[in-house]
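Undergrad: Sequence below, structure please.
(chains A, B, C and D)
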Number of protein chains: 2
Amino acid sequence: MSSATLTRQERIKQRSAERRERSRQKTRQAILEAAIRMFEREGYEGFSLRQVAENIGYTPTTIYLYFKDKDDLLFAVCSQGFTEFNQALQAAYAAHSNPLERLKALGWAYLEFGLSHPLHYQMMFMQRAEWVTKATNTKGDTEGANAYIIQMNAVIEAMKAGVIRMGDPIETTNLIWSGIHGIVSLALSMKGIVPKWEESEVRRLVEDYFQMLTRGLQP
Amino acid sequence: MSSATLTRQERIKQRSAERRERSRQKTRQAILEAAIRMFEREGYEGFSLRQVAENIGYTPTTIYLYFKDKDDLLFAVCSQGFTEFNQALQAAYAAHSNPLERLKALGWAYLEFGLSHPLHYQMMFMQRAEWVTKATNTKGDTEGANAYIIQMNAVIEAMKAGVIRMGDPIETTNLIWSGIHGIVSLALSMKGIVPKWEESEVRRLVEDYFQMLTRGLQP
DNA sequence: GACACCAAATAACACTGTAAAGTATATTGA
DNA sequence: TCAATATACTTTACAGTGTTATTTGGTGTC
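TA: Now for the predicted structure:
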């Protein structure tokens, strides 16, 4: 509507600005993708700005034109992990209608994410767990379903269905979440070090946990 | 017996060597204590060899005469945390004779250690959890009661007493341990960030957990 | 007193993140 | 088309990190 009132020069200027902005987002994305590759190879401690820069043929300082500092870039990497995590849990939620099955499916999806993205999981929930809230706030409402909300909804539904006893939804969600997180985080830490924490054993542990949970939270 | 066969010179030489060794252990201890202070102030990421050295008036390289590298010193710091942790759990164990009470007391002691030694806990069980086994192996048999064994014993006793159902002791111990660890680690991560994870809430969560556990693991 | 040993310090290397200043290239307005 | 300007990127530099090889200075031994 307002474009009709613009002169040719103004229109050109605007399109040019848009084009530059696109280009800017493109190189920003290139940096981010390189950072993700880097992170998935080196992990949290080995992650280095200079290596990321070298990897895509930029000078280290160039990164600062697109990200505030190392933490900002690392948060962007983390953030990408959160959207993937959210999607995984969203899918697990959508795949079942039975409240109890949903609850279990969420647990399994949680475990699966952790086992298949160990470095991401460790950053997201162990090294920089503060970012959990920051990520959900930043992501905007469009993203919608964040993992915690999904889990809490599943808990609420399970309560309503009489599968688990009534109680503060947040408290109950935190309780259930803690258990799974405990298993997953220890599994990642102990993998390859303590025999009892190999993948098959971990799955059995999750089964045990569900059993304890359903019995223990029975109405 | 063999000292009788030594000449005076040999005896002097030996005592001299002992004295030097004592002095050596003393400065080693001084470095370690400085490192612990440093760590408790700066945490895992902020911990720096050069700062430790400066703190006790040594050159950074001197530390390498007493510790293999940064990791070695950090492990020593960690190790001290493990002995304190073990003692805390040992005390909790000894303070009760009722199997269920023992189990709960161990959980509370676990939580208490985490809340009162957050930086140590994070290194011991989150950043460098691989060291859990290394620590128990290194410590020697004299140290005796390591926390995991204590917990497993409590589990076994609870099984025998019919408080919780029979099962693989290791598996059950891991299950219980995971839950507590999940709560404690999330509590430390979320403290001061997410309101629902303040100390009082965390204690309530542990209570909930015990309730779920005793019901869920009922024979 | 000459010698060997040993704790500690110096000097140096290869890294790290980050800030300030400089340099082309591209875009704009006349 | 040309000078001014804005943008993208590099160069340079600083302060810090862990770590190794070399050198110093004092101590105990013969």
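Undergrad: Give the next helix or strand downstream of the helix or strand containing A:Ala92.
TA: Under DSSP states H and E, the secondary-structure element containing A:Ala92 is helix A:70-94. Using DSSP H and E, the helix or strand that follows helix A:70-94 in sequence is helix A:99-116.
Undergrad: For whichever helix or strand comes after that next one, which outside residues touch it?
TA: Downstream of helix A:99-116, the next assigned helix or strand under DSSP H and E is helix A:118-122. Helix A:118-122 has contacts (CB atoms under 8 Å, 6 or more residues apart in numbering or on different chains) with A:39-40, A:43-44, A:77-78, A:81, A:84, A:113-114, A:184-185, A:188, A:191. For every residue, glycine as well, the C-beta is placed using N, CA and C.
Undergrad: do stretch A:94-111 as well
TA: Among residues not part of stretch A:94-111, those counted as contacts by CB under 8 Å, 6+ apart are A:88-89, A:91-93, A:150-151, A:154-155, A:157-158, A:160-161, A:163-164, A:176, A:180-181, A:183-184, A:187, A:202-203, A:206, A:209-210, A:214.
Undergrad: count of neighbours near A:Ile156?
TA: In terms of burial, A:Ile156 registers 16 neighbours under the definition other CB atoms under 10 Å in any protein chain shown.
Undergrad: Any part of the strand or helix carrying it near chain B?
TA: When secondary structure is defined by DSSP H and E, A:Ile156 falls within helix A:147-160. No - contact of helix A:147-160 with chain B (CB under 8 Å from any CB of the partner chain) is absent, the minimum separation being 9.9 Å.
Undergrad: Off-centre distance for that helix?
TA: Using CA atoms, centre = their mean, to the nearest Å, the mean C-alpha position of helix A:147-160 is found 18 Å from that of the whole chain.
Undergrad: Residues contacting it, please?
TA: By CB under 8 Å, 6+ apart, the surrounding residues in contact with helix A:147-160 are A:82, A:85-86, A:89-90, A:93, A:99-100, A:102-103, A:106, A:132, A:136, A:164-167, A:169-170, A:172-173, A:176-177.
Undergrad: Can you tell me which of those residues are buried?
TA: With burial judged by 16 or more other CB atoms under 10 Å in any protein chain shown, the buried subset of the contacts of helix A:147-160 is A:82, A:85-86, A:89-90, A:93, A:99-100, A:102-103, A:106, A:132, A:136, A:164, A:172-173, A:176-177.
Undergrad: tell me the secondary structure for A:Gly167?
TA: Here A:Gly167 is coil, with the state taken from DSSP: H, G, I helix; E, B strand; the rest coil.
Undergrad: Look up the closest residue to it, ignoring the ones flanking it.
TA: Nearest residue to A:Gly167, sequence neighbours excluded (CB to CB, 6 or more residues apart in numbering or on different chains): A:Met159, at 7.3 Å.
Undergrad: count of neighbours near the one you found?
TA: Using other CB under 10 Å, A:Met159 is surrounded by 18 other residues.
Undergrad: Would you mind measuring from it to DNA strand C?
TA: When CB to the nearest atom of the strand, to the nearest Å is the yardstick, A:Met159 and DNA strand C sit 45 Å from each other.
Undergrad: Equivalent analysis for A:Gln87, please.
TA: According to CB to the nearest atom of the strand, A:Gln87 stands 29 Å off from DNA strand C.
Undergrad: count of neighbours near that residue?
TA: Other residues near A:Gln87 number 15, with proximity taken as other CB under 10 Å.
Undergrad: Can you list the buried residues in stretch A:155-164?
TA: Within stretch A:155-164, the residues that count as buried by 16+ other CB under 10 Å are A:Val155, A:Ile156, A:Glu157, A:Ala158, A:Met159, A:Val163, A:Ile164.
Undergrad: would you turn those into TSV with pLDDT?
TA: Rendered in TSV, the data for the buried residues of stretch A:155-164 read as follows (pLDDT from 0 to 100):
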residue	pLDDT
A:Val155	98
A:Ile156	98
A:Glu157	97
A:Ala158	98
A:Met159	98
A:Val163	96
A:Ile164	96
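Undergrad: for those, which one is nearest DNA strand C?
TA: Closest approach to DNA strand C among the buried residues of stretch A:155-164 (CB to the nearest atom of the strand): A:Val155, at 38.8 Å.
Undergrad: For chain A, spot the helix or strand the model is least confident about on average.
TA: The helix or strand of chain A with the poorest confidence is helix A:140-143; it has a mean of 53 (mean pLDDT, DSSP states H and E).
Undergrad: these two touch, right, A:Lys196 and B:Ile170?
TA: Yes - taking contacts as CB atoms under 8 Å, A:Lys196 lies within contact range of B:Ile170: 5.6 Å.
Undergrad: The contacts of helix A:118-122 also near DNA strand C: which ones?
TA: Applying CB under 7 Å from any atom of the strand, the subset of the contacts of helix A:118-122 adjacent to DNA strand C is empty.
Undergrad: Find the centremost residue of chain A, please.
TA: With the centre of chain A defined as its mean C-alpha position, the nearest residue by CA atoms, centre = their mean is A:Phe82, 1.6 Å away.
Undergrad: Excluding covalently adjacent residues, which one is nearest to that residue?
TA: Nearest to A:Phe82 is A:Ala135, by CB to CB, 6+ apart, at 4.4 Å.
Undergrad: Alright, calling it a day.
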